[in-house]
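> Got a predicted structure here, sequence first:
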Amino acid sequence: MNMVIPELTTSGDSNTSRMRQVVQFLRNNKAVVLIYIIILIVAGLTAAFSEVFRSPANIMNIFRQSIALGLLAIGQSVVILTGGMDVSTSQIARIVCLVVATFFALTESNPAMIIPLIALGIVIGVILGGLNGILITRTHAVPFIITLGMASVLRGVNLAISTTPIRGVPSEYLQIYNAKIGIVPINVLAFGAVWILAWLVMTRTRMGRSIYAVGGSERIAQLSAIRINRSLVLAYVISGLFAALAGLMLLSRMGVGDPSAAEGMDFQSVAAVALGGISLYGGKGSILGTLGGVLLLTMMSNVFVLMQIDIYFQTLVLGTVMLIAVAAYKATRKRDI
Amino acid sequence: MSLASIKNNFLNRIKIKPTPRVVRAVDLIGQWAAPITIVIVLVAAIFIAPAFYSPINLKTVAIQIAVLGIVSVGQTLALLVRSIDLSVAAVMAVGAVIVVQTQAGNSLIISLFQAFAIAAVIGLINGLLIAKRHVPPFIATFGMMIFISGARLAYTKGQVSGTVPDMLRAVSIEPIFGNFIPSALIVWIVVNLIALFILMKTRYGRWVYAVGGNPEASRYAGIRVDAVVIGVHVVTSMLALLAGLILSGYIGYVDLKIGEGYHFNSIAATVVGGTTFLGGRGNLFGTIAGVGLLILLLNLVVVLGLPIHWQHAMQGIVLVVATALQGFRQFLLSR
């Protein structure tokens, strides 16, 4: 709802009218603007002190490393906008990563299998997401608990698939992560396109608006003839789909089916969503803010590495950020689990 | 398809009219599912896994039940006031780390005091966030969980934190009553008795049920709702700490993964035992049965010699099925 810019009917010259539009936009998107200002400040300070940080290669690396988390965060944003939460995403990403790697190993790294296996991975993600959605809507259970249970089941399945890295990914597949045009990696361009697409879908289409509406108030959405259950299932399917894409991206980044792939990324994606100003109650906030949250988290871990700060402090910073985001809640809604 | 029409379709298809008698039957099944399943599993274990009844295994089961049981008492209280606590596992780990630091100098009493004070503060912050700032409970405690884990990692730098003091080992595994019952089980029974007494015989216990059942009505009845919620969260955190101490005494050392999965299992045990997410309904007897069932199933995986990943699958399936059943039960009751 925040992204809608009201039509201005003032007859003044176009310059002041545009100024007003800009001011209105900033006022409606305080959280989004704030997160990008923070990013600029952190990046500016670090760049001033570190030569390595401001090298173009490093900056491209930050973008490239943010892709997997960013994909998960798109799905997480959609689910959180409906008022739920999906903590099974990192396990879905991992199972896709492991299954696809296993099939590559079985077919002796045949490059012809790349397209069918990508399709297989996406189908797995969609099915698991749909299962989440169906369980949640049909049993009227708390989404957080159902996805937590799903995460545990999938963790068991993943352990059953493999506990050691799976080799045999064809080198052509690694090009998904490595291919570049000049200095810009192709996957960063594709990632940007996906974000713009996601933003357009969430703000300009009926599907996106109905997801916002369900998160805002289920009762009112129902009275507005929105099919609540269909919107909810769709949200979890989208989440599963993007988790699968993240798993495929992780596989091409690491080159092996890593049994600890995407560890902790479900928490990080929730933190990114919260940082970007999407209300964890659902119904409010912009998906552009989430992109800011993802970039900030990835950049901070890059900065930590450059400044040689202990890796364990990263978790502390993540936790502090999370707690501040939680404590900054406004008491606008009644208590609900 | 709207919520109501799905509900009607479903009920018509399985020919259930939600008469008071049916609702009551579903309610009873919700409460008795866990004890009945326990009996079935115990009988089945005689045939499929006789090793389950060996004294050593029974002692392990008893200690595991005690640890999970103590956490779950706190979790039950939290669910009864329409809240939830995801930070219990992190609190367990923090308590273990703090107390193990006694090897580095302090006396055990001071460490214990510190640990319980920290747990109380964590519970207080949880309660304040939930009651005063109206943050949804699972989000508040989820943020707290990540924060505490981060603080612990920053403090220990990811290293194993030494050995556990002898006194703690004694409280956990020292046998009482003829070399059979570990003392952890006694601690669990005492905690349960105290909690049962408070819930059933005192004004505070009535307040807990009232606040969970209907917070607004409780407020009009003059109950200090916020104080009850905050109090419950302080108790939950401190019980989690106690369980963490017993767990570290049982394992004998404190590593990175200590307490892992207990937030998950305590919620599962509580929900299996018939306590609902919507508050005010459920009791500790159910939770005791839920804890017993969960530990039994997890232990059977080990006794049967199945790969360990079956434990994860088992936990997840129990949680999903129990949540789904309780959701359906709540749904029938709300008609």
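Sure, I can see it. As the structure is a prediction and not an experimental result, all values here were calculated from the model.
> Helices of the stretch 51-200 of chain B, start to end?
If DSSP state H, counting those that start in this stretch is used as the criterion, the helices of the stretch 51-200 of chain B fall at B:55-80, B:88-100, B:108-131, B:137-156, B:166-173, B:177-180, B:183-201.
> and residue A:226, that one's in a helix?
No: in this structure, residue A:226 is coil, not part of a helix, as judged by DSSP: H, G, I helix; E, B strand; the rest coil.
> Could you give the backbone dihedrals for it?
phi -90, psi 130 (degrees, to the nearest 10).
> Out of the helices of the stretch 51-200 of chain B, which is closest to residue A:70?
Judged by CB to CB, the one of those that comes nearest to residue A:70 is helix B:137-156, at 19.6 Å. The C-beta positions use only the backbone N, C-alpha and C, and glycine is treated the same way.
> Could you save the helices of the stretch 51-200 of chain B as JSON lines and add columns showing distance to chain A and mean pLDDT?
Below are the helices of the stretch 51-200 of chain B laid out as JSON lines (distance: least, CB to the nearest CB, whole Å; pLDDT from 0 to 100):
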{"stretch": "helix B:55-80", "distance to chain A": "9", "mean pLDDT": "92"}
{"stretch": "helix B:88-100", "distance to chain A": "9", "mean pLDDT": "85"}
{"stretch": "helix B:108-131", "distance to chain A": "6", "mean pLDDT": "91"}
{"stretch": "helix B:137-156", "distance to chain A": "3", "mean pLDDT": "85"}
{"stretch": "helix B:166-173", "distance to chain A": "25", "mean pLDDT": "76"}
{"stretch": "helix B:177-180", "distance to chain A": "33", "mean pLDDT": "66"}
{"stretch": "helix B:183-201", "distance to chain A": "20", "mean pLDDT": "93"}
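> so of the ones you listed, which one's packed in deepest?
For these, average neighbour numbers computed from mean count of other CB atoms under 10 Å in any protein chain shown are highest in helix B:88-100, which has a mean of 28.
> what helices or strands is that helix leaning on?
For helix B:88-100, the packing partners by 3 or more CB pairs under 8 Å, 6 or more residues apart in numbering or on different chains; DSSP states H and E come out as helix B:55-80, helix B:108-131, helix B:137-156, helix B:225-251, helix B:262-272.
> wait, which of those is closest to residue A:197?
helix B:137-156 (28.6 Å).
> between the closest one and helix B:225-251, how big is the angle?
Angle of helix B:137-156 versus helix B:225-251, following axes from the mean of the first three to the mean of the last three CA atoms, to 10 degrees, is 40 degrees.
> which SS class is residue A:168?
coil.
> Pull the contacting residues for it.
Taking CB atoms under 8 Å, 6 or more residues apart in numbering or on different chains, we find residue A:168 in contact with A:101, A:104-105, A:108-109.
> Let's see that with 6 Å instead.
A:104-105, A:109 (CB atoms under 6 Å, 6 or more residues apart in numbering or on different chains).
> From those, keep the buried residues only.
For the contacts of residue A:168, a burial check counting by 16 or more other CB atoms under 10 Å in any protein chain shown picks out A:104-105.
> Residue A:119: which of the contacts of residue A:168 is nearest?
Distance to residue A:119 across the contacts of residue A:168 (CB to CB) is lowest for residue A:104, with 13.8 Å.
> so who does that closest one touch?
By CB under 6 Å, 6+ apart, the residues touching residue A:104 are A:168-169.
> Chain B versus that one, what's the distance?
Distance, residue A:104 to chain B, using CB to the nearest CB, to the nearest Å: 22 Å.
> Tell me which residues of the host helix or strand of that residue come out buried.
Per DSSP states H and E, residue A:104 falls inside helix A:89-106. Residues of helix A:89-106 classed as buried: A:89-105 (neighbour count, 16+ other CB under 10 Å).
> Dump the C-alpha coordinates for it into CSV.
The C-alpha coordinates for helix A:89-106 follow below in CSV (Å, rounded to 0.1, in the frame of the first residue of the first chain):
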residue,chain,number,x,y,z
THR,A,89,13.4,-22.2,3.2
SER,A,90,17.0,-23.0,3.9
GLN,A,91,16.3,-26.7,4.2
ILE,A,92,14.4,-26.6,0.9
ALA,A,93,17.4,-24.8,-0.7
ARG,A,94,19.6,-27.5,0.7
ILE,A,95,17.5,-30.5,-0.5
VAL,A,96,17.4,-29.0,-4.0
CYS,A,97,21.2,-28.5,-3.9
LEU,A,98,21.8,-32.1,-2.7
VAL,A,99,19.3,-33.8,-5.1
VAL,A,100,20.5,-32.0,-8.2
ALA,A,101,24.2,-32.7,-7.2
THR,A,102,23.3,-36.4,-6.7
PHE,A,103,21.7,-36.7,-10.2
PHE,A,104,24.7,-34.9,-11.7
ALA,A,105,26.9,-37.5,-10.1
LEU,A,106,24.7,-40.4,-11.2
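> same for the next helix-or-strand element following that helix, what does it pack against?
Sequence-wise, the next helix or strand downstream of helix A:89-106 (DSSP H and E) is helix A:114-139. Here helix A:114-139 touches helix A:89-106, helix A:143-161, helix A:228-254, helix B:309-333, going by 3 or more CB pairs under 6 Å, 6 or more residues apart in numbering or on different chains; DSSP states H and E.
> so which of those helices comes closest to residue B:91?
Nearest of the helices and strands packed on helix A:114-139 (CB to CB): helix A:143-161, 18.0 Å.
> Let me see the contact set for residue 91.
Answering for chain A, as no chain was given. Contacts for residue A:91 (CB under 6 Å, 6+ apart) come out as A:151, A:154-155.
> Switch to chain B, please.
Per CB under 6 Å, 6+ apart, neighbours of residue B:91: B:119, B:122, B:237, B:240-241.
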